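Undergrad: below are the sequence and a predicted model for it; my questions follow.
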Amino acid sequence: MIDSFDHVVVGVVSNPSKTPLLSAEERVEVLSDLIDGKAEVEAFEGLLVDFARSKSVDVVVKGLRALSDFDYELAMAQMNRTLSGVETLFIPTNPQWSYLSSSLVREVARLGGDVESLVPPSVQRILKERL
């Protein structure tokens, strides 16, 4: 998918309504290592459309796990288009992974479950260290 665009920017949002295991800066570092220079990775706060405009982004790509994701994301995509003209491209998740969420993986790891097949080794190490 990354190869389909001239330039890809991965935006890591600092969402004050969530309590992530990793700070935005740590998530940027992990993602940067995982994608190995194939995209720019940067943290941001505020509206996605403001970040997109600051990066001259015309299309936002979002993954969808379930129909419930679509309902929420469609409204957000329409608002983003109204505010800035930025289009949203939805990519359905491979059904093999559609049940996964960061909170579910974190809970399994916290309770001592094996998440090796669910996350990259670098993320697995972080989960072991912090949980």
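TA: Okay, I see it.
Undergrad: please tell me how far the nearest residue to Ser32 once chain neighbours are set aside sits from Ala52.
TA: Using Cβ to Cβ, 6 or more residues apart in numbering and skipping the chain neighbours, the partner closest in space to Ser32 is Val41 (4.6 Å). In this view, the C-beta of every residue, glycine as well, is placed from N, C-alpha and C. Applying Cβ to Cβ, to the nearest Å, the value for Val41 to Ala52 is 15 Å.
Undergrad: next, the residue sitting furthest away from the middle of the chain: secondary structure please.
TA: The outermost residue of the chain, judged against the average C-alpha position, is Gly112 (24.6 Å), by Cα atoms, centre = their mean. Recorded secondary structure, Gly112: coil (DSSP: H, G, I helix; E, B strand; the rest coil).
Undergrad: from Leu127, how far off is it?
TA: 11 Å.
Undergrad: check Val60 too.
TA: Per Cβ to Cβ, Val60 is found 28 Å from Leu127.
Undergrad: got any ranges where this structure has weak pLDDT?
TA: For the chain, the stretches flagged by pLDDT under 70 are 1-3.
Undergrad: any idea how it splits into domains?
TA: 1-46, 59-96, 100-131 (automatic domain parsing).
Undergrad: Val123 in helix, strand or coil?
TA: Strictly by three-state DSSP, Val123 counts as helix.
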